[in-house]
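Colleague: structure for this input, please:
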Amino acid sequence: MGGRQRETSGSSVASIKLKVCQLAALTDRGKLQDPLVSDEGLYAAERETMVSLLELLIAKGRERKQAMSPVLLEGEWELVYSTKQLFRSSPFFQAIERAYADPTKSELFFKLHELQTCSWGASQIGRVAQTIDLQAQTLLSSFDTVLFPLTTIPLIGWFKLLPTFGGRVLSLADGLTVSESAQGTALRLEYAVAKTSFKR
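Modeller: Numbering: from 1, shown residues only. From the prediction side, this is the model:
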């Protein structure tokens, strides 16, 4: 077809989502913005761009006057981008954060946990997802972890010192309720952690 296609609201939203995914891939789902991984401020421009894109998506949703229905949350969601450690999307770690009741102490705990588990390539976080079932009133959170993915000796040889293995950490939360925020601009999820398990 000749000429330039007129941009519709739907294609505009699709193009913004594509940019979000591209930027998330560039920063390894936001992990490269962590001061423990790279120099602080090195990815500041990418983070600002991501915030702008997400604000634009929110504005587009308001333009289309989409109703905030809990039904929109039903199903599986995969984590694409995060400004915190990836494992913190789990209700298990959210419960730990709440138990501390002090952001400074909880941040220190998570940094120490990350240093203990991820230093020297000891482990890597893979796919992170959540499945919301409104009828059963449950939220199932999972993240894949790979242990010893990079245990080799550079310059000496490329054989592995330790075998690579891993599994999936599952956290089940029940008593799920969904309500509108006080400002009426977002949906609020409340639940209680029931159990956490590890599956090879």
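Colleague: secondary structure class for the closest residue to Leu79 other than its chain neighbours?
Modeller: Nearest non-adjacent residue to Leu79, counting by C-beta to C-beta, 6 or more residues apart in numbering: Val128, 3.9 Å away. Any C-beta I mention is one placed from the backbone N, CA and C, and that applies to glycine too. For Val128, the assignment made with DSSP: H, G, I helix; E, B strand; the rest coil gives strand.
Colleague: so what's Val128 up against?
Modeller: By C-beta atoms under 8 Å, 6 or more residues apart in numbering, Val128 lies in contact with 78-79, 86-87, 89, 142-144.
Colleague: same question, Leu56
Modeller: Ile16.
Colleague: secondary structure class for it?
Modeller: Leu56 is classified as helix under three-state DSSP.
Colleague: how close does it sit to Met68?
Modeller: Computed as C-beta to C-beta, to the nearest Å, the Leu56 to Met68 distance reads 18 Å.
Colleague: go on, Arg200?
Modeller: Taken as C-beta to C-beta, the span from Arg200 to Met68 is 39 Å.
Colleague: more crowded one of the two?
Modeller: Higher neighbour count among Arg200 and Met68: Met68, with 14 against 6, using other C-beta atoms under 10 Å.
Colleague: could you chop this protein up by domain?
Modeller: Domain assignment of the chain by the TED database yields the ranges 8-66, 68-199.
Colleague: helices along the chain, start to end?
Modeller: 9-26, 44-63, 91-100, 103-118 (DSSP state H).
Colleague: nearest to Val178 among those helices would be which one?
Modeller: helix 91-100 (14.9 Å; C-beta to C-beta).
Colleague: buried set for that closest one?
Modeller: Neighbour-count burial for helix 91-100 flags 91-94, 96-97 (criterion: 16 or more other C-beta atoms under 10 Å).
Colleague: so what's Ser197 bridging to?
Modeller: Using DSSP bridges, the beta-bridge partners of Ser197 come out as Leu170.
Colleague: so it versus Leu176, what's the distance?
Modeller: Distance of Ser197 to Leu176, given as C-beta to C-beta: 18 Å.
Colleague: just to revisit the earlier point, the contacts of Val128 in strands, which ones?
Modeller: 78, 142-144 (DSSP state E).
Colleague: wait, Gln124 touches Thr145, no?
Modeller: Yes. Between Gln124 and Thr145 there is a contact under C-beta atoms under 8 Å: 7.1 Å.
Colleague: and for the two, which residues touch both?
Modeller: By C-beta under 8 Å, 6+ apart, no residue touches both Gln124 and Thr145.
Colleague: list the buried ones in stretch 129-141?
Modeller: So for stretch 129-141, counting by 16+ other C-beta under 10 Å, buried means 130, 132, 138-141.
Colleague: any low-confidence regions in this structure?
Modeller: Within the chain, the stretches with pLDDT under 70 are 1-11, 35-38, 40, 65-67, 115-122, 148-165, 184.
Colleague: give me the most central residue, it.
Modeller: In the chain, the centroid-proximal residue (C-alpha atoms, centre = their mean) is Leu79; its distance is 3.8 Å.
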